[in-house]
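Visitor: Generate coordinates for the sequence data below:
(2 chains)
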Amino acid sequence: MRMIPSLTPTTFIMLILGVSTFIFIMFLPALLELKKHKDAGPRLIMNDAPVMQTKIRETILMVNVEEEHGFDQILAKKMADVMAVLPNIEA
Amino acid sequence: MALMMAYLVRHYIFTLTVLRKPQKHERAVTVGKTPYQPTVSILIPARDEEKVIRRILQRMTELTYPKDKLQIIVIDDASTDSTGKIAEQYSKMYGYIKVIHRNEKEGGRGKASALNTGLRYTNGEIILCFDTDYYPQVNIVEKLVVGFADQKVGGVQGRVVVLNEPQNLVTRLVALERMGGYRVDQHARHVLGLVPQLGGTAVAIRRSLLDSLGGWDPSILAEDTDLTFSIYLAGYKILYIKDAESYEEAVESWKAYRKQRRRWAKGHMQCAFKHSLKVLKSNNLSLKEKIDGLLILNVYFMPILTILSWIIGPLLFLLKPMQPLNALLASLLVSIYSFAGNFAPFFEVGIGAYLDGRTRICWLIPLLIFTCLYNIVICTEAFTDLLISKISRKNHLHWDKTVHSGNGNSYIMS
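Guide: Prediction:
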């Protein structure tokens, strides 16, 4: 005896509707989240983020300028060291 | 069916473990009272990484580990872009950064080969590895090396967090996978004394052990998994430190995802062929380590078994008449498995997100079903490649490099 149930048109339609509804409900939260992100984003792993952000941006800009103008790296480093010990006139 | 049940039970054990045993989190980082500060060499292999190399090198200069005990070696693996030039700029500014340039002839043979080259120039007692798309905590070195005060520890793995998560659907799903993999899976293995794995990055290895193992095996595409099992088989342990965190830039497209995962799958299968028997016979591993080790080694074969069961199952059902009672029992078992079994990895990911305080991202978990299905295709493809390579005795296994766009920079520098 085979266990293949006989499908009438009504049960077939009910089956399709049931499966479709299940799939829709299953993916609904994901669709909502994709449409309008409410998630906080990546986990923050660092506690020194503000300082680090500024520093990295400045360094990358400096390296780019140096590349474009062919500055001497060692000279630039020395200049940076001198500037670091100068008094902060904004303070 | 029994194999699938083993994996599902494992998922549940891992998930319940991290929920119930938070007190063991710091086991590895409290070894001894005095700070253990060995000399450390950090290897950064880089091939055409001009978009991300500055980020990691800048971060290396910000590490809080004493600079007189730190050496950073960038292996410029025959890059055709300005990777080597950028690394040289940093090398000129910071004495502890050294750049090794590999020419066209030496380079492009994969990460393991590049790491072996870099290893020859190191002088640290502990070797750390970072990929160029990584961005670690400033005190990650301290967190990773402290475990080595225990002489039985051969390797330490840190946690990986996806940096460019909000970028698109692929990066979000990779972030979810990472949460399950690192926050739950790796951590539970560490807590239960099983087999935490070394990833290829944010990882620390004892130098003397690495030398005795002959470095990384360049013929294996998953050099990290290979090293993991070589370390265990040599009688050493691996720790997972969940608080030693590092950002990574996840793949951004389905195509890149496929390329990366195919490499992982092939490499993992290579490791399964290389190590499974050795794990079974090893006197250095306990029974639970052996079981976990074998499950890890063979995990990429499971999607192929799934495909086989999808083909064979309906065929048997149609071809072989089944008694009503047997059919009922069979469908009951399949239903239970489908409900509880397939749910297990999603449950793991959900708990990982929950423990990170990321409840909203759980809404995306049902979409992981697409990555599961995609992985079935990828693993089958990887297995076929590997078979062809074995049969034809030709090496079809080349290193498919993951391209990094540097889009993660915007999340750090905004």
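
Visitor: mind giving me the domain split of the chain?
Guide: I went with chain A, as the question did not name one. A:9-38, A:49-85 (automatic domain parsing).

Visitor: I was after chain B.
Guide: B:22-297, B:302-392.

Visitor: Confidence-wise, which of these is weakest overall?
Guide: Ranked by mean pLDDT, the domains of chain B end with domain B:302-392 at the bottom, a mean of 84.

Visitor: Determine if any part of that domain is in contact with chain A.
Guide: Yes. Judged by CB under 8 Å from any CB of the partner chain, domain B:302-392 comes into contact with chain A at B:317, B:321-324, B:327, B:331, B:356, B:358, B:360-361, B:363-367. Quick note: C-beta positions are derived from backbone N, CA and C, even for glycine.

Visitor: Report the contact partners of B:G267.
Guide: B:220-223, B:225-226 (CB atoms under 8 Å, 6 or more residues apart in numbering or on different chains).

Visitor: In three-state terms, how would the closest residue to B:H101 other than its chain neighbours be classified?
Guide: Leaving aside its chain neighbours, B:H101 sits nearest to B:D76 (4.7 Å; criterion: CB to CB, 6 or more residues apart in numbering or on different chains). Assigned by DSSP: H, G, I helix; E, B strand; the rest coil, the conformation of B:D76 is strand.

Visitor: what residues are up against B:D76?
Guide: B:46-47, B:83-84, B:87, B:99-102.

Visitor: Need those residues in JSON lines (columns: neighbour count and secondary structure).
Guide: Output for the contacts of B:D76, formatted as JSON lines (neighbours: other CB atoms under 10 Å in any protein chain shown; DSSP: H, G, I helix; E, B strand; the rest coil):
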{"residue": "B:A46", "neighbour count": "27", "secondary structure": "strand"}
{"residue": "B:R47", "neighbour count": "21", "secondary structure": "coil"}
{"residue": "B:T83", "neighbour count": "25", "secondary structure": "helix"}
{"residue": "B:G84", "neighbour count": "25", "secondary structure": "helix"}
{"residue": "B:A87", "neighbour count": "30", "secondary structure": "helix"}
{"residue": "B:V99", "neighbour count": "23", "secondary structure": "strand"}
{"residue": "B:I100", "neighbour count": "19", "secondary structure": "strand"}
{"residue": "B:H101", "neighbour count": "17", "secondary structure": "strand"}
{"residue": "B:R102", "neighbour count": "21", "secondary structure": "strand"}
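
Visitor: ok, so of these, who is nearest chain A?
Guide: B:A87 (11.4 Å; CB to the nearest CB).

Visitor: sec struct for the residue of the stretch 101-250 of chain B found nearest chain A, please.
Guide: When scored by CB to the nearest CB, the stretch 101-250 of chain B has B:E245 as its residue closest to chain A, at 4.0 Å. Secondary structure state of B:E245, per three-state DSSP, is strand.

Visitor: now do the one 10 residues further on
Guide: Classification of B:K255 by three-state DSSP places it in helix.

Visitor: count of residues packed around it?
Guide: If you count neighbours by other CB atoms under 10 Å in any protein chain shown, B:K255 ends up with 10.

Visitor: same question, B:K394
Guide: When neighbours are counted by other CB under 10 Å, B:K394 registers 9.

Visitor: how far away is B:L373 from chain A?
Guide: As judged by CB to the nearest CB, to the nearest Å, B:L373 and chain A stand 14 Å apart.

Visitor: For that residue, identify the helix or strand it belongs to.
Guide: Assigned by DSSP states H and E, B:L373 belongs to helix B:368-392.

Visitor: List phi and psi for B:L128.
Guide: Dihedral pair for B:L128: phi -110, psi 150, per degrees, to the nearest 10.

Visitor: Just the element for the closest residue to it other than its chain neighbours, please.
Guide: Once flanking residues are discounted, B:L128 sits nearest to B:I42: 4.4 Å by CB to CB, 6+ apart. Using DSSP H and E, B:I42 sits in strand B:40-46.

Visitor: Could I have the CA atoms of that strand written out in PDB?
Guide: Extracted C-alpha coordinates of strand B:40-46, given in PDB (Å, rounded to 0.1, in the frame of the first residue of the first chain):
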ATOM      1  CA  VAL B  40      55.500  39.000  19.600                       C
ATOM      2  CA  SER B  41      55.800  39.000  15.800                       C
ATOM      3  CA  ILE B  42      52.700  39.900  13.800                       C
ATOM      4  CA  LEU B  43      52.500  38.500  10.200                       C
ATOM      5  CA  ILE B  44      50.300  40.400   7.700                       C
ATOM      6  CA  PRO B  45      50.200  38.700   4.300                       C
ATOM      7  CA  ALA B  46      49.000  41.100   1.600                       C
END
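
Visitor: quick revisit: among the domains of chain A, where is the model least confident on average?
Guide: domain A:49-85 (a mean of 54).

Visitor: For B:R159, grab phi and psi.
Guide: phi -90, psi 150.

Visitor: looking at it, it is touching B:Y247, isn't it?
Guide: No. The criterion here is CB atoms under 8 Å, and B:R159 misses it with B:Y247 at 10.2 Å.

Visitor: wait, is B:N407 part of a helix?
Guide: No. Using three-state DSSP, the assignment for B:N407 is coil, not a helix.

Visitor: just checking, what packs against the helix holding B:L373?
Guide: helix B:169-178, helix B:254-281, helix B:302-319, helix B:343-355 (3 or more CB pairs under 8 Å, 6 or more residues apart in numbering or on different chains; DSSP states H and E).

Visitor: List the ones among the contacts of B:G267 that fall in strands.
Guide: Among those, none falls in strands (DSSP state E).

Visitor: could you flag which of these are buried?
Guide: B:220-223, B:225-226 (16 or more other CB atoms under 10 Å in any protein chain shown).

Visitor: Which one of those is nearest to B:K92?
Guide: B:E223 (30.6 Å; CB to CB).

Visitor: which residues touch that closest one?
Guide: Per CB under 8 Å, 6+ apart, neighbours of B:E223: B:110-112, B:115, B:200, B:216-217, B:267.

Visitor: could you redo the last one with a cut-off of 10 Å?
Guide: B:110-113, B:115-116, B:129, B:198, B:200, B:215-217, B:267, B:270-271, B:399 (CB atoms under 10 Å, 6 or more residues apart in numbering or on different chains).

Visitor: Quick check: the farthest pair among those?
Guide: B:C129 and B:Q270, at 19.5 Å, using CB to CB across the contacts of B:E223.

Visitor: which of those two has more neighbours?
Guide: The residue with more neighbours, out of B:C129 and B:Q270, is B:C129; 26 against 23, by other CB under 10 Å.
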